[in-house]
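Peer 1: Return atomic coordinates for the entry below.
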Amino acid sequence: MTDYIARNTRRLRALKGLNQGEVAEKAGISRNAYRAIETGAAEPRVSNLQKIADVLGASVLDLVREVPKLNSLRFRSRKSMTAQQQAEGADIATRVAIWLKDFTEIEELLREQKKSRIKPLRGASKTPRQQAEEARQILGIDRDKPIADICDELESAGVKLCLISMNSPVFFGLSVGPEDNGPAIAVNVRKDIPVERRIFSAAHELGHLVLHPGSYDGDIRDEQFDEPEEQAADAFAGYFLMPKDAFEAKWVEYRGLHFFDRIMKVKRYFQVSYKTVFRRLSDMGQLDKSAWAQFHNYYHMKCGKKLSAKDEPYPVERELGPEPYPLRDPDFYEDRLSALVRQALEKDLISMSRAAEILGIPLEGMRRRINSWSLAH
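Peer 2: Prediction:
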């Protein structure tokens, strides 16, 4: 247990941005005693463990629990990470490792292991379009239809899906290979991240799973070291979500609309970002040089504000009616782990508190969920 405590205290201290002396002082113990805990040279008394947990904003369970190491993790940051962001990345990886361990255990408990249909796509000469079409075929998705619920499609294909809200500027998504009971994909569902971005992140990570199986080395690093792979996964995601023929058919179908509304209509149909639509049109050589500026100017005129780099445009009105543009949270839910937890609860295989722990919700929230199950059979 001393090894677990040592690893967890180091990780949580780094996440808090504290040094060993600061934790020791706040916890009211000597620096030498705290250093011995972090190095695994000594096991702390329960009273000291509680003091350290309080300083680190954690529970005693957080300090003593076993955290499996993910050897087939692929976690790339969009930009160079500070020491604090590195600590945040390590914490995210830890949370995903615990989630994956819980998921695997409940599958085994219920004997409900699901075989994955995800497999590496061979053939470096294939284009992203061809690779995305092949992936759709493997997953049984119609080659010309929009993906109504990517979470459903991934879980049906045997991908474990972790939706985690993290206040980190470097994390949008990561994936775990089959060697660690995957494949699994984790997506940041923080409230200010549009659903379109979450969908694209899931498709991007799927791209890595099928295109770059050799890149799952357990390291957390800046994506500039793997830029060609990141670009390939982006291109794959674009064609996976927006098949070429289907996109071109819709683009022609909406040709009578204002350019802005045409972009928005296509975006809504395929559940992608407006930037993904722009990128496709650019790849097709269909964009006028002034298109980007004109789009932003029209947004400003219509919405009364400028469109920032992080925004998804959601105008109040449009020519086709008052329906709002933004996608909503129900478009991006995981279902399988929740269903397994309910099954285990109803068979008295786990407690309510364990169910809440697995799903990452408060005990009172778990009670409300259980009560809601009686509303329909």
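Peer 1: Next, report how far the helix ranked longest in the chain is displaced from the centre of its chain.
Peer 2: Ranked by residue count, the top helix of the chain under DSSP state H comes out as helix 83-110. Its chain's C-alpha centre and that of helix 83-110 lie 12 Å apart, by Cα atoms, centre = their mean, to the nearest Å.
Peer 1: now do stretch 285-294
Peer 2: On the basis of Cα atoms, centre = their mean, stretch 285-294 sits 32 Å off its chain's mean C-alpha point.
Peer 1: cool, stretch 344-364 as well?
Peer 2: On the basis of Cα atoms, centre = their mean, stretch 344-364 sits 23 Å off its chain's mean C-alpha point.
Peer 1: For the longest helix of the chain, which helices and strands make contact with it?
Peer 2: When contacts are defined as 3 or more Cβ pairs under 8 Å, 6 or more residues apart in numbering; DSSP states H and E, helix 83-110 sits against helix 2-16, strand 73-77, strand 160-164, strand 173-176, strand 184-188, strand 220-222, helix 336-346, helix 352-359. (C-beta placed from N, C-alpha, C; glycine too.)
Peer 1: pLDDT below threshold where in the stretch 201-350 of the chain?
Peer 2: The model of the stretch 201-350 of the chain has pLDDT under 70 over residues 223, 225, 314-331.
Peer 1: Can you name the residues that contact Y239?
Peer 2: Contact partners of Y239, counting by Cβ atoms under 8 Å, 6 or more residues apart in numbering, are 128-129, 131-133.
Peer 1: now with 7 Å?
Peer 2: Taking Cβ atoms under 7 Å, 6 or more residues apart in numbering as the definition of contact, the neighbours of Y239 are 128-129, 132.
Peer 1: Run through the helices of the stretch 101-250 of the chain in chain order.
Peer 2: Secondary structure of the stretch 101-250 of the chain (DSSP state H, counting those that start in this stretch): helices located at 128-139, 150-156, 195-211, 227-241, 244-253.
Peer 1: Turn those into CSV, columns for distance to S353.
Peer 2: Output for these, formatted as CSV (distance: least, Cβ to Cβ, whole Å):
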stretch, distance to S353
helix 128-139, 36
helix 150-156, 25
helix 195-211, 29
helix 227-241, 38
helix 244-253, 47
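Peer 1: Among the ones you listed, which comes closest to N71?
Peer 2: Each of those has some distance to N71 by Cβ to Cβ; the shortest is helix 195-211, at 15.4 Å.
Peer 1: picking up where we left off before, quick one: which of the contacts of Y239 is most hemmed in?
Peer 2: Most neighbours among the contacts of Y239, by other Cβ atoms under 10 Å: A132, with 28 neighbours.
Peer 1: Next up, the contacts around it.
Peer 2: For A132, the set of contacting residues under the criterion of Cβ under 7 Å, 6+ apart consists of 236, 239-240.
Peer 1: how many neighbours does A90 have?
Peer 2: Using other Cβ under 10 Å: A90 sits among 17 other residues.
Peer 1: Can you give me the neighbour number for the closest residue to it other than its chain neighbours?
Peer 2: Computed as Cβ to Cβ, 6 or more residues apart in numbering, the closest residue to A90 that is not its neighbour in sequence is R11, at 5.6 Å. Summarising burial for R11: neighbours were counted as other Cβ under 10 Å, giving 20.
Peer 1: Over to the one 5 residues further on?
Peer 2: The criterion is other Cβ under 10 Å. On that basis, K16 has 17 neighbouring residues.
Peer 1: same check, this time on R13
Peer 2: The number of residues packed near R13 is 20, by other Cβ under 10 Å.
Peer 1: repeat for N181
Peer 2: By other Cβ under 10 Å, the residues close to N181 number 20.
Peer 1: which ones are touching it?
Peer 2: With contacts defined as Cβ under 7 Å, 6+ apart, the neighbours of N181 are 100, 104.
Peer 1: Equivalent analysis for the one 3 residues further on, please.
Peer 2: A184 makes contact with 100, 159-160, 162, 175-176, according to Cβ under 7 Å, 6+ apart.
Peer 1: Could you dump those into CSV with pLDDT, neighbour count and distance to G207 added?
Peer 2: What follows is the contacts of A184, written out as CSV (pLDDT from 0 to 100; neighbours: other Cβ atoms under 10 Å; distance: Cβ to Cβ, whole Å):
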residue, pLDDT, neighbour count, distance to G207
L100, 95, 21, 20
V159, 96, 25, 12
K160, 97, 24, 17
C162, 95, 21, 17
S175, 96, 30, 9
V176, 96, 29, 15
